[in-house]
Each structure stands twice: as structure tokens, then as C-alpha cells.
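Engineer: Here's a sequence, model it:
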Amino acid sequence: MAWFLLFVAGLMEVGWAIGLKYTEGFTRLVPSVLTLAAMAVSLGMLGLALKTLPMGTAYAVWTGIGAVGTAILGIVLFGDPATMARLGCIGLIVAGIVGLKLVT
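Structural biologist: Prediction:
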């Protein structure tokens, strides 16, 4: 259950990171409220996952999911560059996340 909570917390991190772009500096009400809600859910679920999982592992996986998801959505939604080097680095982060799951 803790890994599921951590995964959802990571997805919520992606949500608030992408949401920041749409808030336009927190000047738009609905995107701002949704972004703040995603932040709260993300941190809350991370906190619940930390009851069971080691802190270093949980934090690394949480930020890794956030980084990978945000980078991929940046490519898809905002036209960020999708070079082979960038995609390879994203793959390394995914490998690290999987590795941490396997050894924990």
C-alpha cells in the first residue's frame, strides 16, 4: 500500500509542477487552486508512505516520478526538446526508481 501511495504522490507532484505553468504566477484562480490542492495531496500521501518506507528511498522515488513525469509532459505539452541525451537521462532516472523499488 505504501508504494501505491508513493506512486500517486509522485503523480500529484507532476500535476502541481505542470499546474504551476498554468497559474501564470498564481494570477489565475482555478489553476492556482488545483495546483495548491495537488501540492497538498502529494505531500500528504508522501507523508503516509513514509510511515512504512525508508525516507531516502521514498523521497528519491517521489522526486524521480515527479521529474520524469514533468519532463515528459514538458516535451508533450510545451515543446521542450526531446533529444536522445535528454531521453536517455530520463531513462536513467526511471532505472533508478525501479532499482530502488527492487532493493527496498
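Engineer: what about A71, neighbour count?
Structural biologist: Look at A71: counted by other Cβ atoms under 10 Å, it has 19 neighbours. C-beta here means a position set from N, CA and C on the backbone, and glycine is covered the same way.
Engineer: where does the residue in the chain sticking out farthest from the centre fall, phi/psi-wise?
Structural biologist: Outermost residue of the chain with respect to the C-alpha centroid, by Cα atoms, centre = their mean, is T27; its distance is 23.2 Å. Main-chain dihedrals, T27, degrees, to the nearest 10: phi -100, psi -10.
Engineer: so where does the spatially most central residue of the chain fall, helix or strand?
Structural biologist: With distances taken as Cα atoms, centre = their mean, the residue of the chain nearest its centroid is G66 (1.7 Å). Using DSSP states H and E, G66 sits in helix 55-78.
Engineer: Regarding the nearest residue to S42 once chain neighbours are set aside, which helix or strand does it belong to?
Structural biologist: The shortest distance from S42 to any residue other than its chain neighbours is 3.6 Å, reached at M12 (Cβ to Cβ, 6 or more residues apart in numbering). Per DSSP H and E, M12 falls inside helix 2-23.
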